[in-house]
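Novice: Here is my input, please return the structure:
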Amino acid sequence: MKKNRVGFGGAIALALSLLGATPSQAAEQVRLRFGPFEQTVKISEIETYAKTGELSPNLQLFGVFLTPEVRKGLNAKLAIDPKTSGAVVGKLLQSPAGQQLMTNVQSAAPGLTPELLQAGVSLAVQQIGGLDAIGVAKAIPTRTITIDLSQAAALGSKINLSYWKSQALGTLLEKSLVVEGSPVNFNSAIDPTAPGPIAYSKLSYTLADRARNDRPLPVDVFLSSKPSPQTPTVVISPGFEASRNFLGYLGQHLASHGINVIVVEHPTVIPMFRLTSVDLEKLLPAQELLDRPKDLQFVMNELGQESMLKGKLNLNQVVIAGHSMGGYDALALAGGELNFDELRQFCNRSRMISRSPADWLQCSGKTIKERILNLRDNRVVGVIALNPVAGRIFGSSGLSQVKTPVLMLTSTDDGLTPTFDQQLQPFMQLPQPKYLLTAIAATHLSVSDRLNVGQTLVKERTGQEMEPLRAAVRGTTLAFVKQFTAEAQTYRPYLTPAYVQSRSTPEIPLRLSSDLPPSITRLLNMAGMF
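Specialist: The predicted structure is shown next:
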């Protein structure tokens, strides 16, 4: 029965709390079905169970479903502003994923129409200032709610909770991070998104780390013709199985503004790591979690000795820019503490099907013997983490040890590294100074060079409509790196909420913040609600 432990509370807490909005008469009882068995129980009996853990005679037949996880889901309350609940629910239900979720919920709760679910959520928000499963159930305008427990359990196994939490957050982030007031006029002489006036050259190397079985590391160096000796070198680390062309446009952009850039390509690991079973935790060999940051250190060491580059690269001060797994590399080298104890706890207690792809990659590290590990490299002075894989491996406090400023990108429609678990919760751990660039409706690969995107695991938005995001990344990345130079004040306006918002389009609203508002932090602190 272990696979079906989502049960009544988990499925209802999930389904009813994610869907929502406006009613009249309230539900009083629930009809529970499981195969040939059926029992009607009062909602007050379920409420008593949630508070005390005691099962009424009517509930005892279904005791196998009412696990501690279900009780936790029943008791969890999500504080939400009634003014924004309608917009959040509306956007969810209009999306194709929302319609599919509604279909699945209706299979578990036959008789509940979208209108009834919306009505229940809306009234619950008005009555109790938030959402919880029992509050929503009470508010649904029908006397009896029927729940098919076998379908409810199956529903729980189909849903990527991280993705849905992130979907619900998108509208909240867009509204709560908006900058009010008149548009700000920026220095028209500078457009940080446009190519700079400085010529640059591109050099390519293939390095091999003899200490690690001649591990091959192809590298591109974008060498500016007019670099400042004090300007940090930017080292770019692409994601899992991505080529160094993935963010090549960013390297070229920075070089045209006088910043030297090194782009590293990590070895392909899937062909040489044979899967003997369908084990998603083995997509990434555990050692890669340690080898990838070492790749960047090795490249810095080697290029520092390269005769053609002597005196041209400032490798005593480095900004690491990474996408996805590359974002993990950057945060680790900046001092983020790897917590393998907490990682093992998460991976051992969570179900494979409920994890995001980012979780699969991180859970590969549960076999690493160390408990706590710090890979800090003192040469790293800043981090640009784009859609980073960061939600599990640093534990609940590892990122508080980061020693550098951080610019982080999160995309609300990212199905691979969901914003809720992989960026927003990690962002809360980071010390100041820090910046969160939020791209509403963007996906995991939206930031990539669209000419270098191959076959994808999920549907991605990488076309011309994503150019405003790529432009914002070019501009904020340049402004961020310039903060380590004598031009810091000149570029400071381009690292502000007003500037980033000015780059928005109706399709891709953009926001920048150094702190999350209370409405968002409350939601993040409720991460264990399901």
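Novice: Do you have the strands of the stretch 351-500 of the chain handy? List them.
Specialist: In the stretch 351-500 of the chain, the segments counted as strands under DSSP state E, counting those that start in this stretch are 372-374, 380-386, 406-411, 434-439.
Novice: Can I get those strands in CSV including mean pLDDT?
Specialist: CSV is the format used below for the strands of the stretch 351-500 of the chain (pLDDT from 0 to 100):
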stretch, mean pLDDT
strand 372-374, 96
strand 380-386, 99
strand 406-411, 98
strand 434-439, 97
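Novice: right, and those strands - which one's nearest G239?
Specialist: Across those, G239 has its closest neighbour in strand 380-386 (8.8 Å, CB to CB). For the C-beta atoms, the positions are set from N, CA and C on the backbone; glycine is no exception.
Novice: Show me what the closest one is in contact with.
Specialist: Under the criterion CB atoms under 8 Å, 6 or more residues apart in numbering, residues 232, 234, 247, 317-324, 326-328, 330-331, 333-334, 402, 404-409, 447, 473, 477, 480-481, 483-484 lie in contact with strand 380-386.
Novice: Just the buried residues of those.
Specialist: Among the contacts of strand 380-386, those classed as buried by neighbour count (16 or more other CB atoms under 10 Å) are 232, 234, 247, 318-324, 326-328, 330-331, 333-334, 402, 404-409, 447, 473, 477, 480-481, 483-484.
Novice: Could you list which of those residues belong to helices?
Specialist: Applying DSSP state H to these, the entries found in helices are G326, G327, Y328, A330, L331, L333, V473, T477, F480, V481.
Novice: Check the offset of stretch 496-503 from the chain's centre.
Specialist: How far stretch 496-503 lies from its chain's middle: 21 Å, per CA atoms, centre = their mean, to the nearest Å.
Novice: got it, and stretch 307-322?
Specialist: In terms of CA atoms, centre = their mean, the centre of stretch 307-322 is found 30 Å from the chain centre.
Novice: just stretch 500-508 next, same as before
Specialist: For stretch 500-508, the distance to the chain centre is 20 Å (CA atoms, centre = their mean).
Novice: And it, what's buried?
Specialist: Buried residues in stretch 500-508, counted by 16+ other CB under 10 Å: V500, Q501, S502, R503, S504, I508.
Novice: From one end of it to the other, what's the distance?
Specialist: End-to-end distance of stretch 500-508 (CA to CA, to the nearest Å): 11 Å.
Novice: what's next to that stretch, contact-wise?
Specialist: Contacts for stretch 500-508 (CB under 8 Å, 6+ apart): 178-179, 183-184, 186, 193, 437, 439-442, 465-466, 468-469, 471-472, 475-476, 509-512.
Novice: Can you read off the pLDDT for the nearest residue to S237 once chain neighbours are set aside?
Specialist: Spatial nearest neighbour of S237, chain neighbours left out: G326 (3.4 Å); criterion: CB to CB, 6 or more residues apart in numbering. Note on G326: pLDDT of 98.
Novice: Pull the contacting residues for G326.
Specialist: Residues in contact with G326 (CB under 8 Å, 6+ apart) are I236, S237, P238, G239, A242, R292, L386, P388.
Novice: a strand runs through G304, doesn't it?
Specialist: No. Assignment of G304 by DSSP: H, G, I helix; E, B strand; the rest coil gives helix, placing it outside any strand.
Novice: what's the distance between it and M466?
Specialist: 36 Å (CB to CB, to the nearest Å).
Novice: what about the two, which has more around it?
Specialist: Neighbour count, other CB atoms under 10 Å: between G304 and M466, M466 has more, with 24 against 14.
Novice: What's the first helix or strand after the helix or strand where G170 lies?
Specialist: Per DSSP states H and E, G170 falls inside helix 161-176. Scanning forward in sequence from helix 161-176 by DSSP H and E, the next helix or strand is strand 200-209.
Novice: For that following strand, which residues meet the burial criterion?
Specialist: Buried positions in strand 200-209, judged by neighbour count with 16+ other CB under 10 Å: Y200, Y205, L207, D209.
Novice: which ones are touching the first one?
Specialist: The reference is to Y200. For Y200, the contact set (CB under 8 Å, 6+ apart) comprises F222, L223, S224, S225, Q252, A255, S256.
Novice: next one: the third one
Specialist: Contacts for L207 (CB under 8 Å, 6+ apart) come out as P216, L217, P218, V219, F298, V299, E302.
Novice: And the closest residue to A50 other than its chain neighbours, what's its pLDDT?
Specialist: Nearest non-adjacent residue to A50, counting by CB to CB, 6+ apart: L74, 4.0 Å away. We have a pLDDT of 73 for L74.
Novice: Quick one: list the elements packing against the helix or strand encompassing L74.
Specialist: Here L74 sits within helix 68-75, counting by DSSP H and E. Counting contacts by 3 or more CB pairs under 8 Å, 6 or more residues apart in numbering; DSSP states H and E, helix 68-75 packs against helix 7-18, helix 43-52, helix 133-139.
Novice: Report all helices and strands that the shortest one contacts.
Specialist: Using 3+ CB pairs under 8 Å, 6+ apart as the contact criterion, the neighbours of helix 133-139 among helices and strands are helix 7-18, helix 43-52, helix 68-75, helix 114-128.
Novice: for the second one, same thing?
Specialist: Helix 43-52 is packed against strand 29-34, helix 57-60, helix 68-75, helix 133-139, with contacts defined by 3+ CB pairs under 8 Å, 6+ apart.
Novice: For that helix, buried residues please.
Specialist: For helix 43-52, a neighbour-count test (16+ other CB under 10 Å) marks I43, E45, I46, E47, Y49, A50 as buried.
Novice: Reformat those residues as TSV; add pLDDT and distance to F427.
Specialist: As requested, the buried residues of helix 43-52 are exported to TSV (pLDDT from 0 to 100; distance: CB to CB, whole Å):
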residue	pLDDT	distance to F427
I43	86	38
E45	88	41
I46	86	36
E47	85	35
Y49	87	36
A50	85	32
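Novice: so which of these comes closest to R143?
Specialist: If you rank those by distance to R143 using CB to CB, I43 comes first, at 10.6 Å.
Novice: which residues does that closest one contact?
Specialist: Shown in contact with I43 (CB under 8 Å, 6+ apart): A27, E28, Q29, V30, I134, A137, K138.
Novice: which of those residues has the most neighbours?
Specialist: Tallying neighbours with other CB under 10 Å puts A137 at the head of the contacts of I43, with 25 neighbours.
Novice: distance of it from E370?
Specialist: 45 Å.
Novice: re earlier: need the helices and strands packed on helix 43-52 in JSON lines (columns: distance to G170).
Specialist: Shown next, in JSON lines, are the helices and strands packed on helix 43-52 (distance: least, CB to CB, whole Å):
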{"stretch": "strand 29-34", "distance to G170": "31"}
{"stretch": "helix 57-60", "distance to G170": "37"}
{"stretch": "helix 68-75", "distance to G170": "23"}
{"stretch": "helix 133-139", "distance to G170": "21"}
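Novice: Least confident of those, on average?
Specialist: Among the helices and strands packed on helix 43-52, helix 68-75 carries the lowest mean pLDDT (a mean of 72).
Novice: what are the bridge partners for the nearest residue to T477 once chain neighbours are set aside, then?
Specialist: Spatial nearest neighbour of T477, excluding adjacent residues (CB to CB, 6+ apart): I384 at 5.7 Å. The partner list for I384 in beta bridges (DSSP bridges) reads A321, L407.
Novice: Can you get me a residue count around I384?
Specialist: Neighbour tally, I384, other CB under 10 Å: 29.
Novice: S400 too?
Specialist: Applying other CB under 10 Å, we find 15 residues neighbouring S400.
Novice: again with Y435
Specialist: Y435 has 23 nearby residues by other CB under 10 Å.
Novice: Low-confidence stretches in the stretch 201-350 of the chain?
Specialist: 270-281 (pLDDT under 70).
Novice: and if we set it to 50?
Specialist: Residue ranges of the stretch 201-350 of the chain with pLDDT under 50: 272-278.
Novice: Now do the helices in it.
Specialist: Per DSSP state H, counting those that start in this stretch, the stretch 201-350 of the chain carries helices over the ranges 248-255, 288-305, 325-333, 340-349.
Novice: for those helices, which one ends up most surrounded?
Specialist: Across the helices of the stretch 201-350 of the chain, averaging neighbours per residue (mean count of other CB atoms under 10 Å) puts helix 325-333 on top, at a mean of 31.
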